[in-house]
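Visitor: only geometry, no sequence info:
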């Protein structure tokens with residue numbers, strides 16, 4: 001019996017020694033590992049042990065790390081997201097948790113870490129702490145990022161090459177289209193120039209063919225009125241007057257069409273000089289005075305300073321103002337009024353004609369300057385003229401670096417303003 005007890009004691013003693021040796025060997029093994037940070041945590045996450053690898057990786061000594069919470073290695077974003085606490089909860093629930101992310105050393109530098117946290121339980125299953133193993137995978141992470149960047153660069157290069165090929169094809173297609181359009185435009189230009197020459201030739205022929213007989217009609221009508229071929233009655237004189245009025249009207253339309261055609265073709269020349277405004281106003285007003293008197297209209301001519309002069313072609317300015325005055329008389333009812341004034345604003349001089357006529361609807365204010373457009377024209381209310389006067393007048397004004405504009409309200413009259421560049425009156 002004594003021998004048996006002695007043998008048992010010897011065996012127990014031998015097992016204890018083996019356990020101690022194993023424990024020492026384990027601690028020695030863990031402590032000597034330098035490529036891995038291996039340390040233990042208590043159930044709350046506070047550091048209990050610290051190996052050489054942990055000191056080498058995180059730059060904290062054992063004295064600096066033991067007793068501190070392992071969250072000291074995490075960045076602000078991870079701390080705000082409570083990553084350390086979540087990892088412990090997951091390890092407690094699942095037995096282990098593995099994660100990767102940025103961790104920070106004592107000197108503030110960071111490294112890409114692979115972390116394995118394992119829950120440690122005793123024989124009764126009670127949690128006694130955690131084992132935490134951390135590897136530095138910064139180089140592998142950087143290589144992975146470089147591989148991704150290389151792949152993305154290849155994708156971008158391929159996309160750029162494909163885009164360049166598409167752009168080249170699209171550019172070639174666009175170039176071909178532009179060449180075709182240019183050829184078509186050149187063809188149409190040639191056709192337009194040919195048509196314009198044909199139109200000019202037609203208008204020249206029409207000028208000769210129509211003006212000659214019209215002048216003959218006017219001349220013979222005047223001879224008949226004068227009684228050269230014998231006495232005429234008062235009724236016949238009235239009829240001859242109507243013939244002369246119609247002849248004058250047709251001749252005026254033909255002249256307008258010819259003038260507009262010449263302007264379109266760029267065949268109108270300008271003699272630019274200093275044009276005193278008061279002289280132009282004084283010369284054109286009498287030309288429409290009789291027409292205004294016949295309709296019992298009052299034509300007012302405002303004061304025009306002797307110092308105001310426009311840099312323009314005098315004949316063209318007179319033509320514009322005659323057109324404006326004639327329209328004012330034509331579209332102003334009997335007993336109405338028209339007033340012509342002039343002035344300047346900075347380097348611009350202006351002549352303004354205000355009337356109390358029928359006015360112009362807002363939607364027609366710009367269209368009245370288009371050729372062959374006339375306010376109030378219709379089958380029930382025919383108006384004389386071809387509707388070219390305002391179109392010609394605006395084109396003339398703009399060709400002299402000026403403009404012709406209108407302000408009007410339907411039923412409340414209109415105000416036309418001719419603007420031209422100002423010049424020193426002494427230049428005349």
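Guide: Received it, and whenever you're ready, just let me know what you need. Values in this document were obtained by computation on a predicted structure and should not be read as measured data.
Visitor: What are the boundaries of the strands in the stretch 201-350 of the chain?
Guide: Taking DSSP state E, counting those that start in this stretch as the test, the strands found in the stretch 201-350 of the chain are 273-276, 298-301, 309-312, 337-345, 348-355.
Visitor: Quick one: closest of those to residue 392.
Guide: strand 309-312 (15.1 Å; C-beta to C-beta). (Glycine included, C-beta is placed from N, CA and C.)
Visitor: just to revisit the earlier point, now the strands of the stretch 201-350 of the chain as TSV including distance to residue 422 and mean pLDDT?
Guide: As requested, the strands of the stretch 201-350 of the chain are exported to TSV (distance: least, C-beta to C-beta, whole Å; pLDDT from 0 to 100):
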stretch	distance to residue 422	mean pLDDT
strand 273-276	10	92
strand 298-301	21	88
strand 309-312	7	93
strand 337-345	6	91
strand 348-355	5	93
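Visitor: okay if I get the ones you listed as TSV plus distance to residue 98?
Guide: Putting the strands of the stretch 201-350 of the chain into TSV (distance: least, C-beta to C-beta, whole Å) gives the following:
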stretch	distance to residue 98
strand 273-276	96
strand 298-301	101
strand 309-312	89
strand 337-345	84
strand 348-355	84
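Visitor: which of those is buried the deepest?
Guide: Neighbour counts (mean count of other C-beta atoms under 10 Å) averaged over each of the strands of the stretch 201-350 of the chain peak at strand 309-312, with a mean of 26.
Visitor: Please name every helix or strand in contact with that one.
Guide: When contacts are defined as 3 or more C-beta pairs under 8 Å, 6 or more residues apart in numbering; DSSP states H and E, strand 309-312 packs onto strand 273-276, strand 414-421.
Visitor: closest to residue 61 out of these?
Guide: strand 414-421 (90.6 Å).
Visitor: Low-confidence regions, the stretch 201-350 of the chain specifically.
Guide: 201-208, 211-212, 218, 247-249, 251-267 (pLDDT under 70).
Visitor: That one: helices as residue ranges?
Guide: 234-264, 277-294, 314-331 (DSSP state H, counting those that start in this stretch).
Visitor: what's the most buried one of these?
Guide: helix 314-331 comes out most buried of those by mean count of other C-beta under 10 Å, with a mean of 22.
Visitor: Residue 299 is nearest to which of the helices and strands packed on strand 309-312?
Guide: Using C-beta to C-beta, the helices and strands packed on strand 309-312 put strand 414-421 closest to residue 299, at 14.6 Å.
Visitor: List the neighbouring strands of the closest one plus their orientation.
Guide: Counting by DSSP bridges, the strands paired with strand 414-421 are strand 348-355 (antiparallel), strand 403-408 (antiparallel).
Visitor: and that strand with helix 277-294, angle?
Guide: Calculated by axes from the mean of the first three to the mean of the last three C-alpha atoms, to 10 degrees, strand 414-421 forms an angle of 160 degrees with helix 277-294.
Visitor: Just the angle for strand 414-421 relative to strand 337-345, thanks.
Guide: Going by the same axes, to 10 degrees, strand 414-421 makes 30 degrees with strand 337-345.
Visitor: Assign the most centrally placed residue in the chain to helix, strand or coil.
Guide: Centroid-nearest residue in the chain: residue 174, 22.9 Å away (criterion: C-alpha atoms, centre = their mean). With DSSP: H, G, I helix; E, B strand; the rest coil as the basis, residue 174 sits in helix.
Visitor: For the helices and strands packed on strand 309-312, please prepare a markdown table with the additional fields distance to residue 105.
Guide: Formatted as a markdown table, the helices and strands packed on strand 309-312 follow (distance: least, C-beta to C-beta, whole Å):
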| stretch | distance to residue 105 |
| --- | --- |
| strand 273-276 | 89 |
| strand 414-421 | 79 |
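Visitor: rewinding a little: residue 112: which of the strands paired with strand 414-421 is closest?
Guide: strand 403-408 (73.1 Å).
Visitor: tell me the mean pLDDT for stretch 417-428?
Guide: Averaged across stretch 417-428, pLDDT comes to 80.
Visitor: nope, stretch 131-146 is what I was after
Guide: Averaging pLDDT residue by residue across stretch 131-146 gives 88.
Visitor: can you give me the end-to-end distance of it?
Guide: 32 Å (C-alpha to C-alpha, to the nearest Å).
Visitor: Go through stretch 213-230 and flag the buried ones.
Guide: 214, 217, 218, 221, 224, 225 (16 or more other C-beta atoms under 10 Å).
Visitor: same deal with stretch 408-421?
Guide: Under 16+ other C-beta under 10 Å, the buried positions of stretch 408-421 are 408, 413, 414, 416, 417, 418, 419, 420.
Visitor: from the chain's centre, how far out does that stretch sit?
Guide: Mean-position distance between stretch 408-421 and its chain equals 33 Å (C-alpha atoms, centre = their mean, to the nearest Å).
Visitor: Quote the end-to-end distance of that stretch.
Guide: Termini of stretch 408-421 sit 24 Å apart (C-alpha to C-alpha).
Visitor: Give me the residues contacting that stretch.
Guide: Under the contact criterion C-beta atoms under 8 Å, 6 or more residues apart in numbering, stretch 408-421 has outside partners 275, 310-312, 317, 320-321, 324, 328, 331-332, 347-362, 365, 393, 397, 400-407.
Visitor: what do you get for stretch 325-341?
Guide: Against stretch 325-341 from outside (C-beta under 8 Å, 6+ apart): 281, 284-285, 287-288, 291-292, 295-304, 321, 351-358, 375-376, 383-385, 389-390, 413-414.
Visitor: likewise stretch 309-317?
Guide: 270-277, 280, 349, 396, 399-402, 418, 420-425, 427-428.
Visitor: so what's residue 99 up against?
Guide: 83, 87, 114, 115.
Visitor: biggest separation within those residues, which pair?
Guide: The widest separation within those (C-beta to C-beta) is 14.5 Å, between 83 and 114.
Visitor: now the helix or strand harbouring residue 394, how far from the centre of its chain.
Guide: In this assignment (DSSP states H and E), residue 394 forms part of helix 389-399. Taking C-alpha atoms, centre = their mean, one finds helix 389-399 lying 32 Å from the centre of the chain it belongs to.
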